[in-house]
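>>> got a sequence here, can you build the structure:
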Amino acid sequence: MSTARSQPPAQETAREFDLFERFFRRQPKQARAQALVDAVLDAAEEDLERAEHGRLEALFARAGIAAGSFYEYFSSRDGLLGAVVARTTAVNFEVLLTEIDRFVADQPARPENGAARSPLEATVRFGAARVAERYLKDPVKTKL
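Prediction:
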């Protein structure tokens, strides 16, 4: 029996945990509005230093939006950065859960080497290793 979960988009996953709502002034309801918010979040993720400390006008240009459109959905730079953190966390969490599901499904019923490692211990060790690998692969994004 497979334990693999379907992978919802990161924003849908984050919504389940109320991560996104607190950072928006107004929720995007239409596809066009969602595309605008995604463009802003993508631009902020691509140049996190500018999103944190630079002029927001440069970020607006990179996302292809006007300042008014930004402030329609985000109240401030802090709101934008919070949404970036929420989205990155949701993506990282979904990747980790998917890898843990795959790992658990691939485990033999009884260890080949006879070591008495509990399924929980093996899963925790695997999860910790994946988190460390992901961090080492891209520490700038993972530090969020």
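
>>> now the helix or strand where E121 lies, how far from the centre of its chain.
Per DSSP states H and E: E121 is located in helix 119-137. From the chain centre to the centre of helix 119-137 is a distance of 17 Å (CA atoms, centre = their mean, to the nearest Å).

>>> ok, then the element right after the worst-scoring helix or strand of the chain on mean pLDDT?
None of the helices or strands of the chain scores lower by mean pLDDT, DSSP states H and E than helix 10-16, at a mean of 47. Later in the chain than helix 10-16, the nearest helix or strand by DSSP H and E is helix 31-46.

>>> which of the residues in that following helix are buried?
For helix 31-46, burial by neighbour count (16 or more other CB atoms under 10 Å) applies to L36, V37, A39, V40, L41, A43, A44. For every residue, glycine as well, the C-beta is placed using N, CA and C.

>>> swap in stretch 49-59?
A51, L56, L59.

>>> got a list of contacts for stretch 68-75?
23-26, 28, 33, 36-37, 40, 56, 59-60, 63, 80, 83 (CB atoms under 8 Å, 6 or more residues apart in numbering).

>>> report the backbone C-alpha coordinates of the helix holding E121 in PDB.
C-alpha atoms of helix 119-137 as PDB (Å, rounded to 0.1, in the frame of the first residue of the first chain):
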ATOM      1  CA  PRO A 119      10.700   2.500  11.900                       C
ATOM      2  CA  LEU A 120      10.400   5.800  13.800                       C
ATOM      3  CA  GLU A 121      14.100   6.100  14.300                       C
ATOM      4  CA  ALA A 122      14.900   5.300  10.700                       C
ATOM      5  CA  THR A 123      12.300   7.800   9.500                       C
ATOM      6  CA  VAL A 124      13.600  10.600  11.800                       C
ATOM      7  CA  ARG A 125      17.200   9.900  10.700                       C
ATOM      8  CA  PHE A 126      16.200  10.000   7.100                       C
ATOM      9  CA  GLY A 127      14.200  13.200   7.500                       C
ATOM     10  CA  ALA A 128      17.100  14.900   9.300                       C
ATOM     11  CA  ALA A 129      19.500  13.800   6.600                       C
ATOM     12  CA  ARG A 130      17.200  15.300   3.900                       C
ATOM     13  CA  VAL A 131      16.900  18.600   5.700                       C
ATOM     14  CA  ALA A 132      20.600  18.800   6.000                       C
ATOM     15  CA  GLU A 133      21.100  17.900   2.300                       C
ATOM     16  CA  ARG A 134      18.600  20.500   1.200                       C
ATOM     17  CA  TYR A 135      20.200  23.200   3.300                       C
ATOM     18  CA  LEU A 136      23.700  22.300   2.000                       C
ATOM     19  CA  LYS A 137      22.400  22.400  -1.600                       C
END
